[in-house]
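A.B. asks: the sequence and its predicted three-dimensional model are supplied below.
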Amino acid sequence: MAAEVLDFEEYVRTRQDALLRSARRLVTDPMEAQDLLQTALARTYGRWDGIADKSLADAYLRRVMINTRTEWWRSRRLQEVPTEHLPDVVGVEDGSEQRADRELLMEVLGTLAPKQRSVVVLRHWEQMSTEDTARALGMSPGTVKSTLHRALARLREELKRRTVECAA
């Protein structure tokens, strides 16, 4: 048991930065990303001895984060009240174009359904292949491709809509 604890602690110590980046790509709020990672780590710790091939631990943990985020999204969805107008966009604090673009991208990603967002994050940020993404999400490669196509079209529409609104 002590060896398992050390093994898990060592894994977390060496992979925590990369795992936090993955969590940050799944949720827009940095504090929520930390909560997501901590929840996923707690869930993974309970099943750590069941992961025979520890080289797959990152994929397992990403899947746990995706499932957890989906659970959170579903529970919040019932509490959200649709409005006719979006809230004002928060101004850029640091003055950086890159930061503003990243924030806009994260906001726009937030408009996607969880499945679409997961596919976009795994394919484009994690740079996983279609087949690896399909395995990680438990879907066929064809479903990954069609979901990615629809998600990217939705992102383009949303960015276009926001550009038109800003220009008006």
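C.D. replies: Sure thing, it's come through.

A.B. asks: please make it C-alpha for all contacts and neighbour counts, starting now.
C.D. replies: Noted.

A.B. asks: which ones are touching the most centrally placed residue in the chain?
C.D. replies: Nearest residue to the geometric centre of the chain (CA atoms, centre = their mean): Leu26, 1.6 Å. Residues in contact with Leu26, defined by CA atoms under 8 Å, 6 or more residues apart in numbering, are 33, 66, 69, 117-118, 121.

A.B. asks: so which elements touch the longest helix seen in the chain?
C.D. replies: Scanning the chain for the helix with the most residues, using DSSP state H, yields helix 141-167. Where contact means 3 or more CA pairs under 8 Å, 6 or more residues apart in numbering; DSSP states H and E, helix 141-167 is packed against helix 97-109, helix 114-120, helix 130-137.

A.B. asks: and the ones you listed, which is most packed in?
C.D. replies: Of those, the one with the most neighbours on average (mean count of other CA atoms under 10 Å) is helix 114-120, at a mean of 22.

A.B. asks: now do that helix, average pLDDT.
C.D. replies: The pLDDT scores in helix 114-120 average 91.

A.B. asks: same check on stretch 37-53?
C.D. replies: Stretch 37-53 comes out at a mean pLDDT of 88.

A.B. asks: can you check stretch 150-159 too?
C.D. replies: When pLDDT is averaged over stretch 150-159, the result is 90.

A.B. asks: now do the one helix or strand in the chain whose mean pLDDT sits lowest: distance to the chain's middle.
C.D. replies: Within the chain, no helix or strand scores below helix 97-109, which has a mean of 77 by mean pLDDT, DSSP states H and E. Mean-position distance between helix 97-109 and its chain equals 14 Å (CA atoms, centre = their mean, to the nearest Å).
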